[in-house]
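A.B. asks: here's my sequence, what's the structure:
(chains A and B)
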Protein chains: 2
Amino acid sequence: MKDFFKVTDIDKVFEYTSFFPAVETEQVVIEKTLGRILAEEITADIDLPGFSRSTMDGYALRASSTFGASEENPAFIHVVGSIAMGETPCLSVGPGEAVRISTGGMLPKGTDSVTMIEHTEVLDEKTIEVYKGIAPGHNVIEKGEDFSKGSVVLNIGQKIRPQETGLLAAFGKEKVKVFTKPVIGIISTGDEVVPLTETPNPGQIRDINTYTLSGQVIEAGGIPFTFGIIKDDYQNLLEKCREALQGCDMVLISGGSSVGTRDFTIEVLSALPDSEIMVHGISISPGKPTILARSGQKQIWGLPGHVVSAMIVFSVVVKPFIEKISGFLPERKNQVTFPARLLRNVSSAQGRTEYIRVRLNEKEGVLWAEPILGKSGLINTMIKADGLIEIGKNVEGLEKGTEVKVFLM
Amino acid sequence: MKDFFKVTDIDKVFEYTSFFPAVETEQVVIEKTLGRILAEEITADIDLPGFSRSTMDGYALRASSTFGASEENPAFIHVVGSIAMGETPCLSVGPGEAVRISTGGMLPKGTDSVTMIEHTEVLDEKTIEVYKGIAPGHNVIEKGEDFSKGSVVLNIGQKIRPQETGLLAAFGKEKVKVFTKPVIGIISTGDEVVPLTETPNPGQIRDINTYTLSGQVIEAGGIPFTFGIIKDDYQNLLEKCREALQGCDMVLISGGSSVGTRDFTIEVLSALPDSEIMVHGISISPGKPTILARSGQKQIWGLPGHVVSAMIVFSVVVKPFIEKISGFLPERKNQVTFPARLLRNVSSAQGRTEYIRVRLNEKEGVLWAEPILGKSGLINTMIKADGLIEIGKNVEGLEKGTEVKVFLM
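C.D. replies: Predicted structure coming up:
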């Protein structure tokens, strides 16, 4: 079997991520921060909380007033008042004294802990019995316990989840600096491809990749910009690429898996200003014919035409590049993969990293990954699939029952 | 310890999902379908593909013309033409004949398979040698192999991922019927709570729950509609609830974990038209004081005020209710949880289902879930956390190394 092009190992491909700079930044209001990548460090400009708060309904007091208290030998405590929510209490509490406090209330001077209402009994308007001794700090969130003033609370490159928006709110950040969402141009090629609005004649198929790739771009945190279908014509494709590079941060060209159109795509990419073909073939399956080129500091990807191959290459190879230019610094990459057991044997050719579509099934508490085999031109296999597993390039196959890592698609 | 309210088991709580109907449906263009829930069944109105396609560059022929071919004994084949992409070939191919075809090309009459170009040698302009025998169907996607005309391709209730948008494109669906996104009203309560634009005085804290819950609503596929902060005033809260029920499909009220304000929230909910308190306390931790009420066929949730408790109750309890009214029929629930090993022992009280925040760490190929302990008023614990694990109500605790299921947050 002849080798039509020199393939690059996938790990080597990822080394090119460092070449491409992050996009610009912008200010967005807090309501628009979900899923965005933080472009400024957030430090605590106040203690959070700004005062010691009760976490329970009960009585704020000195823990020492309860030492040794039990059901048999309760402590008698004098109730000197109650705390209004949201206000700074002006009273002061001495030994053997307490004030009524609700969850979230501010502890008054002289108190260090809160005894739960369930551990007390009211004797009269001014006296309670406490049945349990507590330690200082009990049922209290101390001033600055969540975050102390001056500490770094969020870092540049973090993705903002609901809890991070809450933290921004806690520190009064109406606006924050985030990275802009990279705009990803999408071009479909192929003389046999027609728009979805047309009924394909025999020999023709509707454009699918524009839609699958747009969806994947959105999920990866980018903004898809679609350029429609370009017929296999050098001048047309060159002009469309130039146009796309003007307005986009990255360009994806799908189609052209045949040797002829691949050569032709390479010619077009080579003709772009300040261009370089970085990768011409990757040792993965599916996805071997993938091309990575640059024009200046922007990437152009030549993706396979088969829908499944294009989706897998996007997910496995392109997405980390989008994350890189998005400013995302994933702290914990394992968030996206998780273990399951292989339901059937799968074979794999050595010398290439293979990606197998799998469907997840839970049986008796065990998560099984069922391989979905099928040609990479069949979208039904992606509809059935929940994710992918990777088989390393030095592995000939995996036996049923092997623990595999699944990443969702 | 007194029981202030009768708690409901979490499984019992989920039985109430069946009470609440799904929202309306709407037509959306294909570009806007990502993440939406399908409200119509999609059937194949054409075969996909509509013709037999080559999956390789090579020669289309009858497999029988290659039977017995090998390196030592190649088959000599007469090349009678080539197939243009996107066109219906008018030529017909006989035994011992072949046509040049590219990936994606339509097989002409008389052919049933494609031999890869790598398994051939060109002898002259009109003759090739084939070095390998192939079977009928080799390197071909048959007409209707992906989906045959008339078959159901997507069901009502399915969530649309990138691959499903591709499938809609393949069948020319410019618009599809999906469920509308449910509008979820969010009300923060508490006399101690101030808007993020204000600098809190001692005793006050900024509103966090509005932002964390809004983010969680968006992630759950809903549209948050925020009503700001309502002071602990019966009339005010009642009016705001009425207003929220007008425009929203569900209402979340956060705050009021103290007994006093909880009683007061119950009073307000009971005063709403056609109302019923369905759940007043759930046997979970955190989140015990959670309230579920209805007014007509709409839900109102009373969530705990502590930020962590509110987030966990949303994620564990409220989200399945949002999915229900969104029309979502999750086929494979296990997609959202995955196994990891517990990094440390954790204890748990029997009689309630406990949710523990965990951070994920991969060490030597094993995914570990590290419990993050801390008060439920501390948002920093949610920032550190990647997800939650559940400890069943009849379990006293879990030992280090136990396999646990993690759901991401």
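A.B. asks: nearest spatial neighbour of A:Ile218, skipping sequence neighbours?
C.D. replies: Taking CB to CB, 6 or more residues apart in numbering or on different chains, and ignoring the residues beside it in sequence, A:Ile218 has B:Leu34 as its nearest neighbour in space, at 5.7 Å. All C-beta spots, glycine's among them, are computed from the backbone N, C-alpha and C.
A.B. asks: er, A:Val217 I mean
C.D. replies: On the basis of CB to CB, 6+ apart, the spatially nearest residue to A:Val217 that is not a chain neighbour turns out to be A:Pro224, at 4.2 Å.
A.B. asks: who are the contact partners of the one you found?
C.D. replies: Shown in contact with A:Pro224 (CB atoms under 8 Å, 6 or more residues apart in numbering or on different chains): A:184, A:186, A:213-214, A:217-218.
A.B. asks: wait, A:Ala310 sits on A:Leu213?
C.D. replies: Yes: A:Ala310 is within contact range of A:Leu213, at 6.6 Å (criterion: CB atoms under 8 Å).
A.B. asks: report the set of residues contacting both of the two.
C.D. replies: With contacts defined as CB under 8 Å, 6+ apart, the residues shared by A:Ala310 and A:Leu213 are A:254, A:303.
A.B. asks: re earlier: for the residue nearest to A:Ile218, helix, strand, or coil?
C.D. replies: In terms of secondary structure, B:Leu34 is coil; the call rests on DSSP: H, G, I helix; E, B strand; the rest coil.
A.B. asks: what residues does the stretch 1-150 of chain A have near chain B?
C.D. replies: Contact residues, the stretch 1-150 of chain A versus chain B (CB under 8 Å from any CB of the partner chain): A:1-2, A:30-31, A:34, A:46, A:48-51, A:53, A:55, A:57, A:84-89, A:102-106, A:117-119, A:141, A:145-147.
A.B. asks: contacts only, for A:Ala310.
C.D. replies: Contacts of A:Ala310 were listed using CB under 8 Å, 6+ apart, and they are A:209, A:212-213, A:254, A:303-304.
A.B. asks: so which of those comes closest to A:Leu123?
C.D. replies: When these are compared for distance to A:Leu123 (CB to CB), A:Thr212 comes out closest, at 71.8 Å.
A.B. asks: so which residue of chain A lies furthest out from the middle?
C.D. replies: Here chain A has its C-alpha centre computed as a mean, and the residue farthest from that point, by CA atoms, centre = their mean, is A:Asp124 with 56.2 Å.
A.B. asks: quick one: that one from chain B, how far?
C.D. replies: Applying CB to the nearest CB, to the nearest Å, one obtains 19 Å for the distance of A:Asp124 from chain B.
A.B. asks: next one: A:Gln297
C.D. replies: In this structure, A:Gln297 and chain B are separated by 27 Å, where distance is defined by CB to the nearest CB.
A.B. asks: do I have it right that that residue meets A:Val23?
C.D. replies: No: counting by CB under 8 Å, A:Gln297 sits too far from A:Val23 to count as a contact (10.8 Å).
A.B. asks: out of these two, which sits in the busier spot?
C.D. replies: Using other CB atoms under 10 Å in any protein chain shown as the criterion, A:Gln297 and A:Val23 rank with A:Val23 on top: 19 against 11.
A.B. asks: the more buried one and A:His119, how far apart?
C.D. replies: Counting by CB to CB, to the nearest Å, the gap from A:Val23 to A:His119 is 56 Å.
A.B. asks: over to A:Leu272?
C.D. replies: In this structure, A:Leu272 and A:His119 are separated by 75 Å, where distance is defined by CB to CB.
A.B. asks: next: A:Gly305.
C.D. replies: For A:Gly305, the distance to A:His119 (CB to CB) stands at 71 Å.
A.B. asks: and these two? which has more neighbours close in?
C.D. replies: A:Gly305 (28 against 21).
A.B. asks: so who does the nearest residue to that one once chain neighbours are set aside touch?
C.D. replies: Nearest residue to A:Gly305, sequence neighbours excluded (CB to CB, 6+ apart): A:Gly255, at 4.0 Å. Listed by CB under 8 Å, 6+ apart, the contact partners of A:Gly255 are A:188-190, A:193, A:209, A:261, A:303, A:305.
A.B. asks: looking at those residues, which are in helices?
C.D. replies: Within these, membership in helices is found for A:209, A:261, as judged by DSSP state H.
A.B. asks: the stretch 301-409 of chain A against chain B: which residues are in contact?
C.D. replies: When proximity is defined by CB under 8 Å from any CB, the stretch 301-409 of chain A lies next to chain B at A:305-307, A:311, A:332, A:334-335, A:338-340, A:359-362, A:367, A:375-380, A:382-383, A:385-386, A:406, A:408-409.
A.B. asks: narrow the residues you listed to those that are buried.
C.D. replies: Buried residues within those, counting neighbours by 16 or more other CB atoms under 10 Å in any protein chain shown: A:305-307, A:311, A:334-335, A:338-340, A:359-360, A:362, A:367, A:375-380, A:382-383, A:385-386, A:406, A:408-409.
A.B. asks: residue ranges for the helices of chain A, please.
C.D. replies: Listed in chain order (using DSSP H), the helices of chain A are A:10-15, A:162-170, A:209-219, A:234-247, A:259-270, A:307-313, A:319-325, A:380-384.
A.B. asks: that older thread, out of the residues of the stretch 1-150 of chain A next to chain B, which are buried?
C.D. replies: For the residues of the stretch 1-150 of chain A next to chain B, a burial check counting by 16+ other CB under 10 Å picks out A:30, A:34, A:46, A:48-51, A:53, A:55, A:57, A:85-86, A:89, A:102-106, A:117, A:119, A:141, A:145-147.
A.B. asks: so where is the stretch 151-300 of chain A shaky, pLDDT-wise?
C.D. replies: The stretch 151-300 of chain A contains residues with pLDDT under 70 at A:256-257.
A.B. asks: closest to the centroid, which residue in chain A?
C.D. replies: Note on chain A: the residue nearest the mean C-alpha position is A:Lys159, at 6.4 Å, using CA atoms, centre = their mean.
A.B. asks: correct me, but it touches A:Leu329?
C.D. replies: No: with contacts counted by CB under 8 Å, A:Lys159 stays clear of A:Leu329, the gap being 9.0 Å.
A.B. asks: list the contacts for A:Gln350?
C.D. replies: A:393-396.
A.B. asks: and A:Gly50, how close does it get to B:Lys384?
C.D. replies: Relative to B:Lys384, A:Gly50 is positioned 21 Å away (criterion: CB to CB).
A.B. asks: against chain B, how distant is the residue lying closest to A:Asp112 once chain neighbours are set aside?
C.D. replies: Computed as CB to CB, 6+ apart, the closest residue to A:Asp112 that is not its neighbour in sequence is A:Pro136, at 4.3 Å. Computed as CB to the nearest CB, the A:Pro136 to chain B distance reads 15 Å.
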